[in-house]
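Engineer: Everything below, folded, please.
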Amino acid sequence: MQHKSTVTHRKTHIPDVEIIDLDLDAAGFPGSNDMDTVTDETSAKSSADTSEDDRENSLSEVCCEDPDDSQEDSEDADSGRSGSFFSRNILHIAFVLVVALCVGLVIFRFSNWGTRVPSFFDPDADFDDNELIEVLDNMINVPADQRQDADGVRTVVVLGNSPFSDERNSADGVINLVSRMTDAAIYNCSVANSHLAAARETFLVEEDPMDAFNLYWLTTLITLQNTEIYETAFDAMGDAVPADARYAYDTLSTLDFQNVDVLAIMYDASDYLEERPLYNMLNTTDIQTFAGNMDASLELLRNAFPHIRIIVMSPTYAYYVDENGEYISSDIHKAAGFSLSTYAGNLEQIAYLHSVSYLDNIYGTVNEENAADYLEDNLHLNAAGRKRLAERFVYALEYFD
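Structural biologist: Here you go, the predicted structure:
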């Protein structure tokens, strides 16, 4: 019985391809084993025609393809492969170098463990410890459009306590030394035993008449002509009124501050030693605090006399004295919770906020390293200390000349 071949068509998107029957012999005829199977002549012819058309189309596409495009594609592929190759190699090399460096560092550290680095410091050489101290001076001038100097004379007013009031009638008093170093006209309105911070919130003459000479009340005398409290203070003190307190009042109440060019303020460490508060977080201008009194005073002065150059001078170094009379470093002892250097640092910040000059005496003039050379006790300056302070004062005074 003759069997007809069947053709199976699969539904697929793959185009028809010519199937070569490997059972055909070299002449293209069916072998002996396939004699029983004869393909439909029409189907075979159709398949042959279709295969011939596909071959012609493929040949046409190959012939029409631009050889330059093929070359460019090949070059791009080669270039990409080459760039990728070199990038990978660079990363590998960098990684190897980093690992080698780390390993080398570890080996070096272990091989030199415990080895001391030679020092070039000569302990026998002359060396000034003050060279290692950072001085926090900050000199600020009055803006040019606010300056006024009608008489051509530099007029200076000084406020404060013992640094300026000690030896005030002596040739080696600080202000007398400054007067010989400069041609300025200086009014020394410092008052011995006065303080920067007020003892009380309001002036109570019955309790403390000398409280009238803290910085803030003197500032109200300058700016607001507040003379009433001084009249009551002098009445309460009677014949015990200090001469420098009377001079300060008479000068400050009558001097025309429109002709004043410079106002210098310096109080020693008495506020710190007597543990007057440093500041009040709830009231930054609390006159009963060291920082608040300065803040409130500068605000009045700057508003009333913007033409005056103000120089805030920090205390010089001082020692705290314990109950046994032993000197204790003021960086160790905390008065009202703070060291003396913190008191001085607050003055620096307040001076900066009010755009006035700051002269750092606690590090730049008399500090812990040289205190033995410049202090006669735990607080007051000796003759050498007063000379050093005078030189620093002149430096600040003539800074912009």
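Engineer: residues in contact with Leu252?
Structural biologist: Going by C-beta atoms under 8 Å, 6 or more residues apart in numbering, Leu252 touches Val157, Cys189, Leu218, Leu221, Ile222. All C-beta atoms are positioned from the backbone trio N, CA, C, and that covers glycine.
Engineer: List just the nearest of these to Ser330.
Structural biologist: Leu218 (25.8 Å; C-beta to C-beta).
Engineer: OK, contacts around that closest one?
Structural biologist: For Leu218, counting by C-beta under 8 Å, 6+ apart, the contacting residues are Leu159, Cys189, Ala248, Leu252.
Engineer: In strands only, show me those.
Structural biologist: Secondary structure from DSSP state E places Leu159 of these in strands.
Engineer: mind putting the contacts of Leu218 in JSON lines, pLDDT and distance to Thr182 included?
Structural biologist: Formatted as JSON lines, the contacts of Leu218 follow (pLDDT from 0 to 100; distance: C-beta to C-beta, whole Å):
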{"residue": "Leu159", "pLDDT": "98", "distance to Thr182": "18"}
{"residue": "Cys189", "pLDDT": "98", "distance to Thr182": "18"}
{"residue": "Ala248", "pLDDT": "98", "distance to Thr182": "22"}
{"residue": "Leu252", "pLDDT": "98", "distance to Thr182": "22"}
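Engineer: returning to what we had before: is it possible to get JSON lines of the contacts of Leu252 that adds distance to Tyr319 and secondary structure?
Structural biologist: Listed next are the contacts of Leu252 as JSON lines, based on distance: C-beta to C-beta, whole Å; DSSP: H, G, I helix; E, B strand; the rest coil:
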{"residue": "Val157", "distance to Tyr319": "30", "secondary structure": "strand"}
{"residue": "Cys189", "distance to Tyr319": "28", "secondary structure": "coil"}
{"residue": "Leu218", "distance to Tyr319": "28", "secondary structure": "helix"}
{"residue": "Leu221", "distance to Tyr319": "33", "secondary structure": "helix"}
{"residue": "Ile222", "distance to Tyr319": "33", "secondary structure": "helix"}
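Engineer: Please identify the buried residues of stretch 246-255?
Structural biologist: Tyr247, Ala248, Tyr249, Leu252 (16 or more other C-beta atoms under 10 Å).
Engineer: which residue ranges form the strands in the stretch 151-300 of the chain?
Structural biologist: 155-160, 185-188, 262-266 (DSSP state E, counting those that start in this stretch).
Engineer: Now Tyr352: closest residue in space that isn't a chain neighbour?
Structural biologist: Distance criterion C-beta to C-beta, 6 or more residues apart in numbering; nearest residue to Tyr352, sequence neighbours excluded, is Asn138 at 6.4 Å.
Engineer: show me what contacts the one you found?
Structural biologist: Contact analysis of Asn138 by C-beta under 8 Å, 6+ apart lists Glu348, Ala351, Tyr352, Ser357, Tyr358.
Engineer: Could you list which of the residues you listed belong to strands?
Structural biologist: Per DSSP E, the contacts of Asn138 map to strands at Ser357, Tyr358.
Engineer: So for the residue nearest the centre of the chain, what pLDDT did the model give?
Structural biologist: Centroid-nearest residue in the chain, with C-alpha atoms, centre = their mean: Gln349, separated by 13.5 Å. In this model, Gln349 is scored at 97, pLDDT.
Engineer: now do Pro15
Structural biologist: At Pro15, the pLDDT value in this model is 50.
Engineer: Tally up the residues packed near Glu201, please.
Structural biologist: 9 (other C-beta atoms under 10 Å).
Engineer: same deal with Thr289?
Structural biologist: The burial count assigned to Thr289 is 25, neighbours taken as other C-beta under 10 Å.
Engineer: That one and Pro209, how far apart?
Structural biologist: 21 Å (C-beta to C-beta, to the nearest Å).
Engineer: cool, and Val178?
Structural biologist: Separation of Val178 from Pro209 (C-beta to C-beta): 30 Å.
Engineer: likewise Glu228?
Structural biologist: According to C-beta to C-beta, Glu228 stands 13 Å off from Pro209.
Engineer: Neighbour count for these two, which is higher?
Structural biologist: For Glu228 versus Pro209, neighbours defined as other C-beta under 10 Å are more numerous around Pro209 (22 against 10).
Engineer: what's the domain layout of this protein?
Structural biologist: Listed by automatic domain parsing, the domain ranges of the chain are 3-64, 136-397.
Engineer: Ile107 is nearest to which of these?
Structural biologist: Using C-beta to C-beta as the measure, domain 136-397 is the one of the domains of the chain that comes nearest Ile107, at 44.0 Å.
Engineer: Span of the closest one from start to end?
Structural biologist: 16 Å (C-alpha to C-alpha, to the nearest Å).
Engineer: Report the distance from that domain to the chain centre.
Structural biologist: Computed by C-alpha atoms, centre = their mean, to the nearest Å, the separation of domain 136-397 from the middle of its chain amounts to 29 Å.
Engineer: Adjust the sequence numbering to begin at 59 for everything that follows.
Structural biologist: From this message on, residue numbering opens at 59, which makes the last subject domain 194-455.
Engineer: Could you list the low-confidence segments of the stretch 59-208 of the chain?
Structural biologist: 59-144, 168-190 (pLDDT under 70).
Engineer: So what touches stretch 429-449?
Structural biologist: So stretch 429-449 is contacted by 220-221, 224-225, 230-233, 235-236, 239, 326-328, 331, 374-379, 385, 419, 423-424 (C-beta under 8 Å, 6+ apart).
Engineer: Using PyMOL, define a selection of the buried residues within these.
Structural biologist: In PyMOL syntax, the buried subset of the contacts of stretch 429-449 is picked out as below (16+ other C-beta under 10 Å):
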select buried, resi 220+221+224+225+231+232+233+235+236+239+326+327+328+331+374+375+376+377+378+385+419+423+424
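Engineer: Inside helices: which ones of the contacts of stretch 429-449?
Structural biologist: Those of the contacts of stretch 429-449 mapping onto helices are Ser220, Pro221, Val232, Ile233, Leu235, Val236, Met239, Ser328, Leu331, Asn419, per DSSP state H.
Engineer: quick check, nearest of the residues you listed to Leu155?
Structural biologist: Asn419 (55.7 Å).
Engineer: In this structure that closest one contacts Thr374, no?
Structural biologist: Yes - here Asn419 reaches Thr374: they are 4.7 Å apart, a contact under C-beta atoms under 8 Å.
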